[in-house]
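Trainee: Return atomic coordinates for the entry below.
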Amino acid sequence: MFVVMFLVFVNGIVFIITANIINLLIANLDAYYRIPISDIQLLIVYHFIAAIFICISTYIHIKNNRNERKIKDIKKST
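Mentor: Residues are numbered from 1 along each chain as shown. Okay, the predicted model is just below:
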């Protein structure tokens with residue numbers, strides 16, 4: 001059980017790091033090439049990217065929990 005929880009935690013961390021890297025890439029592009037958008041629009045893009053990765057991470061976490069419960073139910077029934 002600990003191993004499964006650790007893997008779920010690691011997957012979540014990987015998604016958070018990936019979202020941060022994408023945000024840093026956008027920030028660097030804006031710093032070097034001056035993307036023609038306002039600061040508030042750039043902030044909305046950052047939040048949108050974070051929301052996408054949070055949704056993906058949550059979906060994977062829920063899917064893993066369902067699979068874990070199915071395995072426990074099968075073990076109990078046998």
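Trainee: For Val14, see how far away Asn20 is.
Mentor: Spatial separation of Asn20 from Val14 under the definition C-beta to C-beta, to the nearest Å is 11 Å. Where C-beta positions appear, they are placed from N, C-alpha and C, glycine not excepted.
Trainee: unless I'm mixing things up, Asn23 is touching His47, no?
Mentor: No - applying C-beta atoms under 8 Å, one finds Asn23 not in contact with His47, separated by 9.6 Å.
Trainee: More neighbours: which of those two?
Mentor: Asn23 (17 against 11; other C-beta atoms under 10 Å).
Trainee: Buried residues of the helix or strand that Ile40 is a member of, list them for me.
Mentor: Here Ile40 sits within helix 39-77, counting by DSSP states H and E. Along helix 39-77, these residues count as buried under the neighbour rule (16 or more other C-beta atoms under 10 Å): 45-46, 49-50, 53, 57.
Trainee: Remind me what that helix packs against, helices and strands.
Mentor: Taking 3 or more C-beta pairs under 8 Å, 6 or more residues apart in numbering; DSSP states H and E as contact, the helices and strands that helix 39-77 lies on are helix 2-33.
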